[in-house]
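K.L.:
build me a model:
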Amino acid sequence: MVDIASNLERLSGEIESISLGCGRDPAEIRLLAVSKTFSADCVKQAHQWGQTLFGENRIQEAEEKIPSVDLSGLEWHLIGPLQSNKVRRAAQLFDVIQTLDRPKIVHRLNACAEEMGKILRVFVEVKLGVEPQKHGLLPQDIPGMVEQVDSMPGLQLQGLMAIPPYQEEAEGSRPYFRQMADLLAEINRSRQQPLKELSMGMSHDYRIAIEEGATVLRIGTSIFGPRSVSSVGRL
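P.N.:
A predicted model of the protein is given here:
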């Protein structure tokens, strides 16, 4: 049986140690527990330890899980692709949308947020590498999208998010994470209020992500244990 509390405690210690080791303030780095395919009970166990940020990939799963958790003080992030016909529900369910990658979605999400009288925090998703199954905008298209999101009164841009191509060795992710940090720095050169968030790094490469400037780590397996093959296949 997976000891979620022990896993979170170990991760917290490692994040602090790695951060201090590369001259960063551990308080700058937040742990997002990726609860996709895991039960509401797993979320509740993590919350008992003190975890408050959770990430889901699919609207359908979130529709069942989020109400059944029913705990105050949690922050729910959508970290999977957002289809246009699910925008309204996403705006209702989530506090943060990390996967903006199309103007059409930006406009619809803004309209829904304004209609609901809320301001949604959002990230723009960057596509790193050439994998056809990955979502996101190419780096050269990010400045235009950032400008568009900035013009939406119902959206509050936080920063950039990416899922780099998988590398057998975690060190192989470093060039992609460095590219993300450089892209954020380039965008911030022309902004009065700099963007501060970089959502990058997962269970196998979060140590490298911290060293390259990540502020949000999306970690699931190292907290909740391995997912079943059947569950992974449905995502």
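K.L.:
just the helices in this structure please.
P.N.:
In the chain, the segments counted as helices under DSSP state H are 4-21, 40-49, 59-69, 87-93, 103-116, 142-150, 174-188, 206-211, 221-224, 229-233.
K.L.:
need the winner for burial among these.
P.N.:
Comparing these on average neighbours per residue, with mean count of other C-beta atoms under 10 Å, the densest one is helix 206-211 at a mean of 23. For every residue, glycine as well, the C-beta is placed using N, CA and C.
K.L.:
what is it packed up against?
P.N.:
Secondary-structure packing of helix 206-211 (3 or more C-beta pairs under 8 Å, 6 or more residues apart in numbering; DSSP states H and E): helix 4-21, helix 174-188, strand 216-219.
K.L.:
what pLDDT does the residue nearest to P194 when sequence neighbours are not counted get?
P.N.:
Computed as C-beta to C-beta, 6 or more residues apart in numbering, the closest residue to P194 that is not its neighbour in sequence is N188, at 4.1 Å. Note for N188: predicted pLDDT of 98.
K.L.:
dig out what V216 forms beta bridges with.
P.N.:
Beta bridges link V216 to R30, S199, judged by DSSP bridges.
K.L.:
doesn't R30 make contact with it?
P.N.:
Yes - in this structure, V216 is within contact of R30 by C-beta atoms under 8 Å, at 5.3 Å.
K.L.:
tell me which of the helices and strands packed on helix 206-211 approaches V122 most closely.
P.N.:
Comparing those against V122 with C-beta to C-beta, the closest turns out to be strand 216-219 (12.8 Å).
K.L.:
summarise which helices and strands that closest one is packed against.
P.N.:
Using 3+ C-beta pairs under 8 Å, 6+ apart, strand 216-219 sits against strand 30-34, strand 197-199, helix 206-211.
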